[in-house]
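**Student:** Fold the following and give me the result.
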Amino acid sequence: DMRKKLRDASIKTKFVLTCAFLIVCVVTCMLLGIYAFTSVRNSATNYMKQLLASGTITTGQMAEYTAHIQTVQSRTIIGIVVFLAVILVLSVLIFSVLARYISDGIDELSTAIDAMNHGKFDHKVNSDRLGNDEMGKAVRDYASMTEKSRLVIKNTADCLEQMGQGDFSVHLTNPEAFVG
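**Tutor:** Have a look, this model is predicted:
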């Protein structure tokens, strides 16, 4: 699934791919413009050679020539403008998707930090909708850190409560949470 691949790609990869897409589009547009204007020039040159060869260049023929050139140039310009508009719309859509993927992770992390800041160690982080990029990993690591902190605080509180009641034979219920 393409959405999953995009979600799981690193942030750097997402931006590099987007920039590469934009470069390819701009280069393609430039090449199409060069081709179109070269075609106009060649068409005009061939048409003018025919008129000169016949020796009958009249005002009407010059007007016809001018109209032909203007039609080709107008179509070329319209084509380039439409192509650039499509590139612009696609770029906005791609950057919107990328921004959403990044901001979803930041919002989730910010909510979790705010909850912990207010003493809510039981706040569950929703990392299911995040990918495996740097932001998704950071959110999952933060959730793991919060859970370990909750266990350390709970164990410490339980031990202190037992010791306060005179029972000094306390044991940690989750010693793996205590690192260092």
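
**Student:** All the helices of the chain, in order from the start?
**Tutor:** Here the chain has its helices, by DSSP state H, at 2-8, 11-54, 59-117, 134-164.

**Student:** Give the residue spans of this structure that score low on pLDDT.
**Tutor:** 52, 56, 58-60, 62, 177, 180 (pLDDT under 70).

**Student:** Quick check, central residue of it?
**Tutor:** Taking CA atoms, centre = their mean as the criterion, Leu98 is the residue nearest the geometric centre of the chain, at 2.6 Å.

**Student:** Can you report how many residues neighbour Cys29?
**Tutor:** By other CB atoms under 10 Å, 16 other residues sit near Cys29. To be clear about C-beta, it is placed using only N, CA and C from the backbone, and glycine gets the same treatment.

**Student:** coming back round to it: and of the helices of the chain, who's closest to His123?
**Tutor:** Closest to His123 of the helices of the chain is helix 59-117 (CB to CB; 3.6 Å).

**Student:** quick check, distance from the closest one to the centre of its chain.
**Tutor:** 14 Å (CA atoms, centre = their mean, to the nearest Å).

**Student:** before we move on, the earlier item: out of the helices of the chain, which comes closest to Asn174?
**Tutor:** Going by CB to CB, the one of those nearest Asn174 is helix 134-164, 4.7 Å.

**Student:** Next, the buried residues of that closest one.
**Tutor:** Buried residues in helix 134-164, counted by 16 or more other CB atoms under 10 Å: Met135, Gly136, Ala138, Val139, Tyr142, Ala143, Thr146, Arg150, Leu151, Val152, Asn155, Cys159.

**Student:** Tyr101 and Gly131 touch, don't they?
**Tutor:** Yes - using CB atoms under 8 Å, Tyr101 makes contact with Gly131 at a distance of 6.9 Å.
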